[in-house]
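[1] Quick one, fold the following:
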Amino acid sequence: MQMLVCNGNYGILWQHDESAQKALSMSSDDYALIPAPPVSLLMREMVPLDRHPAAVYLASLTSIRSQRVMEQALRAIGGLLTNTDPKTVNILALDWAVLRYQHTAAVRARLAAESSVATANRLLSALRGVLKEAWRLGLMSAEDYQRAIDIANIKGETVPAGRELSQGELMALVQACKKDHSPAGVRDAAILGLLYTCGLRRAELVGLDQSDFDPDTGQLIVRVGKGRKGRTVYVTGGAHHALTAWLIVCGSSGGALFLPIQKGGKITERRMNAQSIYDMLRKRGMQAGVKAFSPHDLRRTFVGDMLERGVDISTVASIAGHASVDTTRRYDRRPEAIKKTAAGKLHFPY
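    Got it, this is the predicted structure:
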């Protein structure tokens, strides 16, 4: 059997030898034949999880969110390889160790044709990760492993998803919080302050404890950063005032910094979750008449405003917890302003 990869469509199809032979008569510009995986990628027998490369790979990831995202990525790859709906793919039933370079190259080709750059590279990262565990577990030879992962990332740039908030929108959100005289109003203003002035992620925000904040210096220790990389940021100005006001309202329990609040205004002694942050912002946005936005949009606004005010990109990357300044650069709006100014220099006589 062979796997037929059709240029321009990149459909991974199972073909009998006769069909493949017929395809050889077509132009080489139309079709390329690549040897297929074994007759079945299904494992002949189930193995313990500590011997399964997909299970070991997912267990090695640093957060539940990362595990969930990469499991979905492996399902998507499994769907490509078996020509089935990713939702129905059982990644633990697949024998990842039988994959070779021709298979990973075909997967890359299809992803390059059908997926965004970020999605394609995320899926390729998951594929490399599970193959590495297959090699570590002694299920692949070093040579087969090195050949299989010898596929380059997809190159290209995409416009970051989401939008930036204006200063007027930020002010409207704060006013909506101030009009709420319950403890929730004070808490939500403090949350907005940290999301915008410190560029925190939702998971980082809800992971904060009261002991992580020093009111005297404004230092805030972010202990649950992406990739388990902690960092320190500084809360100043209005954000500091808002956070201090919240600490007075909630009291010094020493536990989680941000707590759920019941409808009657009673503060619950447990940690908020990431979804509750999203729901709160949606509620305040509706109250303020602000167009829909996400928590990440506040982070994006933080990066853009910092760079526009002259803070060097390395410092902004450090505050935001970006592993690379290249990530930070994607949110730099200054080149767009330059392009807009340049466009205005041309006159169209209409």
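
[2] From now on I want contacts and neighbour counts done on CA atoms only, so please keep to that.
    OK.

[3] Please, which helix or strand holds residue 215?
    Residue 215 is part of no helix or strand when elements are defined by DSSP states H and E.

[4] shouldn't it be in contact with residue 245?
    No - assessed by CA atoms under 8 Å, residue 215 is found out of contact with residue 245, at 10.9 Å.

[5] where does the stretch 51-200 of the chain have low pLDDT?
    Residue ranges of the stretch 51-200 of the chain with pLDDT under 70: 157-160.

[6] isn't residue 112 right next to residue 154, touching?
    Yes - the criterion here is CA under 8 Å, and residue 112 meets it with residue 154 at 6.4 Å.

[7] shared neighbours of these two, anything?
    Common contacts of residue 112 and residue 154 (CA atoms under 8 Å, 6 or more residues apart in numbering): residue 120.

[8] avg pLDDT for stretch 333-346?
    Average pLDDT, stretch 333-346: 74.

[9] ok, and for it, which residues are buried?
    residue 333 (16 or more other CA atoms under 10 Å).

[10] could you pull out the helices for the stretch 101-250 of the chain?
    Ranges of helices in the stretch 101-250 of the chain, per DSSP state H, counting those that start in this stretch, are 101-114, 117-136, 142-148, 167-179, 183-197, 202-206, 237-250.

[11] Now find how far off-centre the shortest one is within its chain.
    If I follow you right, that is helix 202-206. With CA atoms, centre = their mean, to the nearest Å as the basis, helix 202-206 stands 14 Å off its chain's centre.

[12] Mind giving me the packing neighbours of that helix?
    Where contact means 3 or more CA pairs under 8 Å, 6 or more residues apart in numbering; DSSP states H and E, helix 202-206 is packed against helix 183-197, helix 274-288.

[13] Run through who's touching it.
    191, 194-195, 222-226, 256-258, 271-274, 277, 295-296.

[14] Please verify my assumption that residue 284 contacts residue 177.
    Yes - with contact defined as CA under 8 Å, residue 284 and residue 177 form a contacting pair (7.1 Å).

[15] out of these two, which sits in the busier spot?
    A count of neighbours by other CA atoms under 10 Å puts residue 177 above the other of residue 284 and residue 177, at 23 against 20.

[16] so who does the closest residue in space to residue 324 that isn't next to it in sequence touch?
    Leaving aside its sequence neighbours, residue 324 sits nearest to residue 317 (CA to CA, 6 or more residues apart in numbering; 7.0 Å). The contact partners of residue 317, by CA under 8 Å, 6+ apart, come to 323, 324, 325, 327, 328.

[17] What is the neighbour count of the third one?
    By other CA under 10 Å, 15 other residues sit near residue 325.
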